[in-house]
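In: Got a predicted structure here, sequence first:
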Amino acid sequence: MERTLIKDALKQTPGTRLTVAGWVRTLRCSKGGFSFITLNDGSCMASIQVVADGQLANYDSEVVRLTAGCSLRIQGELVQSPGKGQAVELKAAAVSVLGTADAQTYPIQPKHHTLEFLRSVAHLRPRTNTFGAVARVRNAVCWAIHEFFQKRGFLYVHTPIVTASDCEGAGQMFRVTTLDLEKLPRGPEGKVDYGQDFFARPTFLTVSGQLEGEAYACALGDIYTFGPTFRSEDSTTPRHLSEFWMIEPEMAFCDLKGDADLAEAFLKHIFSAVLERCSEDMDFFCARQDKTLRDTLKGIIDSEFVRLEYTEAVSILEQAGRKWEFPIQWGVDLQTEHERYLSEEKFQKPVILQNYPAKIKSFYMRLNDDAAEHGGESTVAALDVLVPKIGEIIGGSQREERLDRIAARMAGLDMKPEDYWWYLDLRRYGTVPHAGFGLGLERTVQFVTGTANIRDVIPFPRAPRSAEF
C-alpha cells in the first residue's frame, strides 16, 4: 500500500484503509492495553493520532518502547475520533519501526525549546512545529515567485555564483581561490600572483546576479534570476546573513515607473499566495509570533502603494516633530526608523520611495537631469519599497543605459573600465532603457512569518563565525 501524506489522510473519511509514515512526537500508553501515538510527517502542521492496541504482534517488544523521534510506518483504518480537534484517527493494523531514537540524547523532546538552542541542532529543528511551518511558508513564497514571473513571460536565468565583478562596489565579497594560503605565489613586487590561481585572476562569490542579468535582458526582454548571493559583511544583527537568496528581475524597454508597478504587483502576489496556501501555518504564526500578521499582509494586498519622492520624504521627516536617532537631511540615506515612520505612521501603507541622491547610490543607476534643483547634486532613478514593521523590502532602479554617463560615473568612483568591459558593451551595442530590482528571500519570509531573527528562516544559516552543518 502506498504511503499517504498525513495532510491528505486527515481529509479522508472513516473506513478508509491507508498507510502513513513519519516521526513520533509523543507516546501515551494506557493501562487498558493500548497506546496513543502522535505521528507527524512534515506535510502539515497537524499530526495524526494513531491507536495501537495490545493485539499487535510487536506491541510489547517495540510499540510501548517508542520514544520521541522514532520513525514508523503504520498501516491501518481511519475511524471517527472521539477527541476534540480532529475528525479521524488511525486504528493501527501494523506498526513497523524504521528507526529508533535514544530518549536520553535526542534533542527534540516534547517541550518548549528556545530558538537559540534549536539553531545548535539545525539538522533536527525542521521536526518542530515552528521550523516545519517556516519551511512550508518559504516553499510557498518560492512557488509564488516563479509563478508570478512565468505567468508574465519572464525567462528564468541562472547567473554565475563565481564572479570577478563587484556589483555593489562595497567590497564585501568572499574570495574564491585554489592557492595554498600557506605558500602564496608572489610576483617581483611581492604581491600575490593571481595568474597562478584557478581562474588566473582574483574571483569572488557573487553579491548579485544583476549585471549578468542585464546582459540577458538586453537580448531577451524580461528575465529574472533567483539564486544564492553572498556578503562578507561582519554583521551579527537579526537582519543579516552571509549567504542568502535573491530574486532579481530585469526588464528591457522599462523605466522607473514600470519597475515600481512590477514591484508592487510582485509583493501583492507573494503575500496573497501565502495567505491562500499556508492558512494553517499562518494561524500558527499569528498565535505564536504576531497576531497582526494576517491583517498586515491583507493591508498590503489591498493598498495602493504611495509613490513618494526622496526629497519630499526628507521634508516630511524634518517636520515630523521628533528626535531621530539618525539625524535627517537631504543627501543622507534613510534608516529603518525613517522608513518605518513613513510606512507605518505617516501613510499607514506601503511606500515606494524614489529618486535618491546619486552620491548614496550605486554606479549603475540612471542619472536624472535635476542637478540644478539640488544645489548641483543629481539624483538617480532609484526606488525602495517600504512596508510596515521592517522598512525597506525591495531595492531597485532604472539602469544607466548611456555609455558616456556610466563611464563618467565609474571614473568618479575610481572603478576600472577594463574590469567591466563586457558590461559597457551593453551600452555600446544597441543600448536600451532597462530597469530591475532585488528582493531578499529570507527577509521576505521573515516578514511574512513574523520571525525575529533571520537565521531562523533559512535551513542552515551562514553568519560571521558560524558555518556549522
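Out: On my side now, so go ahead.

In: which secondary structure elements does the lengthiest strand in the chain contact?
Out: The longest strand of the chain (DSSP state E) is strand 17-30. Contacts defined by 3 or more CB pairs under 8 Å, 6 or more residues apart in numbering; DSSP states H and E place strand 17-30 against helix 6-9, strand 34-40, strand 48-53, strand 71-80, strand 88-99. Just so you know, the C-beta spots here come from the backbone N, C-alpha and C atoms, and that holds for glycine as well.

In: so what's the residue lying closest to residue 348 once chain neighbours are set aside up against?
Out: Once flanking residues are discounted, residue 348 sits nearest to residue 388: 7.6 Å by CB to CB, 6 or more residues apart in numbering. Going by CB atoms under 8 Å, 6 or more residues apart in numbering, residue 388 touches 296, 299, 300, 340, 343, 344, 348, 349, 350.

In: swap the cut-off to 7 Å and go again
Out: 296, 343, 344 (CB atoms under 7 Å, 6 or more residues apart in numbering).

In: how much space is there between the last one and residue 337?
Out: Counting by CB to CB, to the nearest Å, the separation of residue 344 from residue 337 is 10 Å.

In: just the second one next, same as before
Out: The gap separating residue 343 from residue 337 is 11 Å, by CB to CB.

In: Looking at the two, which one has more neighbours?
Out: It is residue 343, of residue 343 and residue 337, that has more neighbours when counted by other CB atoms under 10 Å, with 27 against 14.

In: The more buried one should be in a helix, yeah?
Out: Yes: membership of residue 343 in a helix is supported by DSSP: H, G, I helix; E, B strand; the rest coil.

In: Might you list the low-confidence residue ranges for the protein?
Out: In the predicted model, the chain carries pLDDT under 70 at residues 1, 168-171.

In: which outside residues touch stretch 206-215?
Out: Outside stretch 206-215, the residues that touch it by CB under 7 Å, 6+ apart are 157, 159-161, 163, 165-168, 172-173, 223, 225, 227, 229-231, 246, 248, 250, 399, 423, 426, 434, 436, 438.

In: Can you show me the CA trace of that stretch as PDB?
Out: In PDB, the C-alpha atoms belonging to stretch 206-215 read as follows (Å, rounded to 0.1, in the frame of the first residue of the first chain):
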ATOM      1  CA  THR A 206      28.700  36.900  -6.100                       C
ATOM      2  CA  VAL A 207      26.900  39.700  -4.200                       C
ATOM      3  CA  SER A 208      24.300  39.900  -7.000                       C
ATOM      4  CA  GLY A 209      23.400  38.500 -10.400                       C
ATOM      5  CA  GLN A 210      22.200  41.800 -11.600                       C
ATOM      6  CA  LEU A 211      25.000  42.700 -14.100                       C
ATOM      7  CA  GLU A 212      24.800  39.400 -15.800                       C
ATOM      8  CA  GLY A 213      21.000  39.600 -15.700                       C
ATOM      9  CA  GLU A 214      21.100  42.900 -17.600                       C
ATOM     10  CA  ALA A 215      23.000  41.200 -20.400                       C
END
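
In: How many residues are close by residue 460?
Out: Residue 460 sits with 13 neighbouring residues when counted by other CB under 10 Å.

In: Offset the numbering so it begins at 841, please.
Out: New numbering, starting at 841: the last item is residue 1300.

In: Check the secondary structure at it for me.
Out: With three-state DSSP as the basis, the three-state label of residue 1300 is coil.

In: so who does it touch?
Out: 962, 1309.

In: Got phi/psi on it?
Out: phi -130, psi 90 (degrees, to the nearest 10).

In: that's a strand at residue 1094, yeah?
Out: No: Residue 1094 sits outside any strand when classified using three-state DSSP, being coil.

In: who's the closest residue to it other than its chain neighbours bridged to?
Out: Excluding its sequence neighbours, the residue lying closest to residue 1094 (CB to CB, 6+ apart) is residue 1275, at 4.4 Å. Counting by DSSP bridges, residue 1275 forms beta bridges with residue 1091, residue 1238.

In: Please work out how many residues are found near residue 1275.
Out: Residues near residue 1275, counting by other CB under 10 Å: 29.

In: That one and residue 1057: what is the separation?
Out: Taken as CB to CB, the span from residue 1275 to residue 1057 is 9 Å.

In: Give me the common contacts of these two.
Out: Residues touching both residue 1275 and residue 1057 by CB under 7 Å, 6+ apart: residue 1091.

In: before we move on, the earlier item: now the contacts of residue 1228 in CSV, with distance to residue 1021?
Out: Shown next, in CSV, are these (distance: CB to CB, whole Å):
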residue, distance to residue 1021
1136, 48
1183, 46
1184, 48
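
In: so residue 1250 is in which element?
Out: helix 1243-1252 (DSSP states H and E).

In: and that helix, what other elements does it pack with?
Out: On a contact count with 3 or more CB pairs under 7 Å, 6 or more residues apart in numbering; DSSP states H and E, helix 1243-1252 meets helix 1261-1268.

In: Pull the helix it packs on out as PDB, backbone CA atoms only.
Out: Only the C-alpha atoms of helix 1261-1268 are listed here, as PDB (Å, rounded to 0.1, in the frame of the first residue of the first chain):
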ATOM      1  CA  TRP A1261      34.300  46.000 -20.500                       C
ATOM      2  CA  TRP A1262      31.500  43.500 -21.200                       C
ATOM      3  CA  TYR A1263      29.000  45.500 -19.100                       C
ATOM      4  CA  LEU A1264      29.900  48.600 -21.000                       C
ATOM      5  CA  ASP A1265      29.500  46.800 -24.300                       C
ATOM      6  CA  LEU A1266      25.700  46.600 -23.500                       C
ATOM      7  CA  ARG A1267      25.700  50.400 -23.800                       C
ATOM      8  CA  ARG A1268      27.900  50.300 -27.000                       C
END
